Every structure is written in structure tokens, then in C-alpha cells.
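>>> Just the structure for this:
(2 chains)
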Amino acid sequence: MDNKYKQIIGDVPTPDLTYKPSLARNISDRFLTLTSLVFALIAILPLILILSYVLVKGISQLNLDLFLSLPEPPGDDMDNAGGIGNAIQGTLIVTTIASLIAIPIGVGGGIFLAEYSKGDSFSQFIRFGTNVLSGVPSIITGVFIYGVIVSTKIIFGSNFSAIAGGMALSILMLPTIIKTTDEGLKLVSDDLRTGALGVGASKFVTITRITLPNAFTPIATGVVLAIARAAGETAPLIFTALFSFYWSSSIDSALNPIASLSVLIYNFALEPYEAQNQLAWAASFVLVAMILFINLLTRILGNLADSKTGQSNRK
Amino acid sequence: MNRRESEIRYKLRKRTASERTLDNGFKNFSLGMASIVAILLFSILIVIFRGSIESIAKYGLSFLITSDWNPVDDAYGAFTAIYGTLITSIVALLIAVPLGVGTAIFITENIIPKNIRSILSVMVELLAAIPSVVLGLWAIFIMEPFLRPFLISINSFLGWLPIFNTTPVGPGVAPAIIILAIMILPIITSISRDSLNQVPNKLREGAYAIGASRWPTIFNIILPAAISGIAGGVLLALGRAMGETMAVTMIIGNSNNFSWSIFAPGNTIAAMLANQFGEADGNQVSSLMYAALILMILTLVVNVFAQLIVKRLRLKY
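Now for the predicted structure:
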């Protein structure tokens, strides 16, 4: 046997399969692995630094007053900048307005792409347009709404308003919602659709009773993440919703300038007064805590729901 | 069961008029909602273009290459902001691409246990969830004062280079670049990670089987296979960097005086809009709209390219 191999392949040394750490390629491999580890550590370093500073600087100022009182105009009182109550309220109002606009449009558009379009050029264009719209800088949506709504005073003669701010934010949320609806519906098995149509359901009934409920988890996850992202946006609000030092107490406040956490942070961070800067840190803590809480919660719930449906599919 | 019996049991019926209206109405509703995307995109372009017509007529293309921005003399040129937009986003990209792709390789290769990998991956995504204005606040009060001594020493050693020839005194282009790099890192990492994950494992196994070690496999097999996704992600990140507003506005110094140096205060188009648009009037509004139009075109081109690359170079496996 051995001789026969030697005739064919010549005299080769017996292969040595032990790992030799000193080989050049092993050294360079270890070096590169270490480099990638260092890169990964550098990549998460900013998150850790930012979160710890926001935590340290924000948590010391947490008290009930912060949530219940109004911010003081800069320069009035050197030691006390007041609270962020109206900014929290304003962020909730503006984000709600944005969601009320963006969710029906986004889910409706996503349903069209996933359920009705047959890959024709119109739907390709809409998909392309959705991607392009998601790349439009957020400040441009602010300029756009300023040009269409604020400067023309088209909504009951009011210029800067909660509604204008909500509209600007809704443009940012729209692409995410369309994409997650489209992709979520595509994950629903076609068997369910044909089954429903087979027993005589109309397309409308099939979509509203069968496919949408089955795609609920991914769509809801996408929508909630879009809302969380919108809640932290500033650029579309600075010249649409502006800012206010008062509570929004009646229904007309939708037509008046309104405060928001993100604009409060921006305005007060640039003030030369220490008290206002501190309030900006406190507002950052509240905003980051809200957004990260929503993010982690939806991820965990989404994963739970995924593993559940995964099990039921396997049965 | 004979035919008559089955006809009695399953009575076929036509859809009623109201059912048909509902069905068609729903289809048209969803079509309308989908069309809003296209309408929005075109109206954004039209509104910004119409707003900038006056300034385009007055300053023409010289707007792009002059750097006066003086509301008192009514002289407007956006070169400072255009240069700022390009230099900040490109240098930020040069920093973030190696870090992001390196991190994505670290997360997708079998280097550390899976649990730790998914924790890393979630952390990178959480970085993307932090609002830009909070990053700006951190950049003003923590990052910039911390970095200033390092920047000053770079200036004292390399100050003979035009891009380093001013002494850093506070807000400026360099801290803006670093905060931008931090902001686009999660996009590059998560898109690279997704495209690396899509490379079939048999390619890796094949390379290992013929004796390649880990990194030659990554450089010669895995990265080339995932290049389309990574390139698309890098372009998307470039688009994001060019349009990023709040953190940059807060740290870049908002100066309209042109300087080649990255240690001097500067401006970007987005920062200029955030800063001046609320209080501008007359020709300034129109000139800001013109600048916004330039930004819109820049980001549109980059985004369209990103999509074409992803489509053209889609994985063949």
C-alpha cells in the first residue's frame, strides 16, 4: 500500500497536524482577532460612556418637582431652572399626532405593497421611494413642513404648532412603518391566504382577519420602534413645533407652539447658564430612559412572540 | 351525497354590492396610502426648489463656490457649509468603516460565545437609538473638553498641514467628525453584520478544508461575498452623515468663515439650516432653501447609488 502511494504522489513528508503558534500565519491571525476585539470594544465604548454620563448627571436631579413644574426662562433665576413637565407632555402629544398620521398611511401602504401589488413597476417605484424617503435628512422634513404648513398658515391660521411638528415627525416614521408592514406581511405563509380565499373569504376579510393578525408582532415591533425614534427627534421640530414655557391645557394647544424634551435639551444645552444646562441633562435622562425602555421591551416581547410562533409551527 | 344534496348544503352566492364596494374600497385605500410616499417625495423636492428659486436666480452656481454668508450685505454663498458637510461626513466614514466592519466580523465570526455576541450586537443597536440631541449634549460638555488636549498636541506637531493649522479652542469640525463617526457606526455595523450572516457557511467550511486559516478566509472569501451589502451600508451611512443635524449643530461651532482646518469652527448645510432657518427672512430664507436643495440632491444621489449597488451586486450564493 505505502509503496503504491509513493509511486503516485512521490515522497512527501508525513503531515503534521499539530497547531504551531509560532507560524507567521498563526501570529497574524491572532493579531487580527485581537484587532477586531479592540474594534468591537471601541464601538461599544461610546454607548457605555454616554449612558453613564446621562445616568450620573440626570439621576441626581430626579424628584417629583422635575416632572410637575414648568421650565424657567433662562436668566430669570440663576439657581433653579424649573422642571420638564410640559416638555414630557409635549413630547407625548406631538408623537401621538405623528403616530395618528403615520400609522394608517404606513400600514395601508405596506398592505398595498405586500398584498395587492404584483411586482409591477408602480410598486417597485413605491418600494424604491420608501427607501429614498427614509434617507431624506430629518432637517429637510422640517424645512418642508415649514414651507407647506407653517409659513402658509394653512391650518386655521396658526403658524408654529403641535400639528405641524407632528406632521414633520410622521414623515420620518412613515418609511419604517411601510417597510415593517410589507416585510411582516410577506412572512405570513401563502397557505393561510389561499386557505382563506378557498373557503370563500373576500380579499378584504382575508387581509383583516387572517394575514394582518398573523403579522401583528413584526408590524407592532416596527411601529413601536418608529415611535421611539420619533420621540427623540429634534431637527424636524425646531421650526415647526418650536418651544413653549407653558402647559398645553386645552384643545387649542394643538394649534400653538408646544414644548418637547428634545427641543428643551437643544435650547438649554446652548444656554450659558449652569442651571439650564443641568436641566438639559435631567431631560436627557428622562428621554433616554423612555426610549431605551421602549426599545428593550419591544425587543424582548418580539423575541418571546417569535419563539412562541416558532414552536407552534413546528407542531 | 348526490349533486342536488350538495347544492342544497353549499349554496353558492355572489358577493353583495356592499361587500364588493368594501373590497374595492379597501384596495383603493391601500393604493392611495402607498401613493402618498411618491407624492411626499415629489412635493418635498418641489417645495424646496420653489423656495430657492429667488436665490438660484440671484446667485446661480457661484453660490456653490463662494463662502460669504452675510445677511447684512445680502451676500450668500454656501461653500463653507458644503465643504463642512463633505469633510465631516467623509472623514467620519473613514473612521467608522474599519471600526464598524471590524466589529461586524467580530460579532459574526465564531470568536466568542454566542450569548456575548448577541449582547454586543444589541448594544450597538441601542447606540443607534440614543437621540442625536443627547449625543450633542454629551459632545459639548464631556467629549470635547476631554479631547481638546489631544487635538492641541496634534496641532502642535502637525500644525504645518493646512487641515490642522488652527489651535483648537472649543467647538469645531474635528469633534463634529468624531460624534458623526459614533452616530454612523451602528448603521455600518448592523448592515455589515446582516450581510456577513447571509454568507453561506459552506464557503467558510470549504476555505478551512483546503487549509486557509481564519483571517485569510475572511479577507478572501467572506468579505468579497458580502461586499454588496457592506458597500450599500457604507453609502447609507454616508447619506445619514451628510444629513445629520442636531449633534453636529451643537458641536461644530456654526461659523460661516471658511477655513481648511478641521480644528477651526465650521458649518454644515444641515447645521446651518437648524441654526438660521427659524429667524431668517427675505433672501436668507431663499438661500437656506437653496442650501437645503443641495443637501437634498447630495443625499438623494448617495441613497439611490446605495440601492443600485445592493441590487446590482446581490449575493450570488
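>>> what about the helix or strand where A:Val54 lies, distance to the chain center?
Assigned by DSSP states H and E, A:Val54 belongs to helix A:24-59. With Cα atoms, centre = their mean, to the nearest Å as the basis, helix A:24-59 stands 24 Å off its chain's centre.
>>> For it, buried residues please.
For helix A:24-59, a neighbour-count test (16 or more other Cβ atoms under 10 Å in any protein chain shown) marks A:29, A:32-33, A:36, A:39-40, A:43-44, A:46-47, A:50-51, A:53-54, A:57-58 as buried. All C-beta atoms are positioned from the backbone trio N, CA, C, and that covers glycine.
>>> and chain B, which of those reach it?
Checked against chain B using Cβ under 8 Å from any Cβ of the partner chain, the buried residues of helix A:24-59 give the following subset in range: A:29, A:32-33, A:36, A:39-40, A:43-44, A:46-47, A:50-51, A:53-54.
>>> So which of those is the closest to B:Gly211?
Comparing those against B:Gly211 with Cβ to Cβ picks out A:Asp29 as the nearest, at 12.9 Å.
>>> I figured that closest one hits B:Thr217, correct?
No - A:Asp29 is beyond contact range of B:Thr217, at 9.9 Å (criterion: Cβ atoms under 8 Å).
>>> Which neighbours do those two have in common?
Residues touching both A:Asp29 and B:Thr217 do not exist when contact is defined as Cβ atoms under 8 Å, 6 or more residues apart in numbering or on different chains.
>>> Quick check, pLDDT for the one residue in chain A that gets nearest to chain B.
Distance from chain B to each residue of chain A (Cβ to the nearest Cβ) is smallest for A:Pro137, at 2.5 Å. We have a pLDDT of 92 for A:Pro137.
>>> Which residues are in contact with the residue of chain B found nearest chain A?
Using Cβ to the nearest Cβ, B:Gly243 is the residue of chain B that sits closest to chain A, at 2.5 Å. By Cβ under 8 Å, 6+ apart, the contact set of B:Gly243 is A:Gly135, A:Val136, A:Pro137, A:Ser138, A:Ile139, A:Ile140, B:Ala270, B:Leu295, B:Thr299.
>>> State the distance from A:Ile42 to B:Met143.
In this structure, A:Ile42 and B:Met143 are separated by 14 Å, where distance is defined by Cβ to Cβ, to the nearest Å.
>>> if we can go back for a sec, please name the nearest non-neighbouring residue to the residue of chain A closest to chain B.
Leaving out its chain neighbours, the residue that sits closest to A:Pro137 by Cβ to Cβ, 6 or more residues apart in numbering or on different chains is B:Gly243, at 2.5 Å.
>>> Looking at whichever strand or helix holds A:Lys186 now, give me its mean pLDDT.
For A:Lys186, the element it lies in under DSSP H and E is helix A:162-187. Summarised as a single mean, pLDDT over helix A:162-187 is 93.
>>> helices and strands around that helix, which ones?
Using 3 or more Cβ pairs under 8 Å, 6 or more residues apart in numbering or on different chains; DSSP states H and E as the contact criterion, the secondary-structure elements in contact with helix A:162-187 are helix A:85-111, helix A:121-135, helix A:138-145, helix A:216-231, helix B:17-59.
>>> Of all those, which one comes closest to B:Trp69?
Nearest of the helices and strands packed on helix A:162-187 to B:Trp69, taken as Cβ to Cβ: helix B:17-59 at 11.2 Å.
>>> The closest one near chain A at all?
Yes - legend: contact between helix B:17-59 and chain A by Cβ under 8 Å from any Cβ is shown at B:19, B:22-23, B:26-27, B:29-38, B:40-41, B:43-44, B:47-48, B:50-51.
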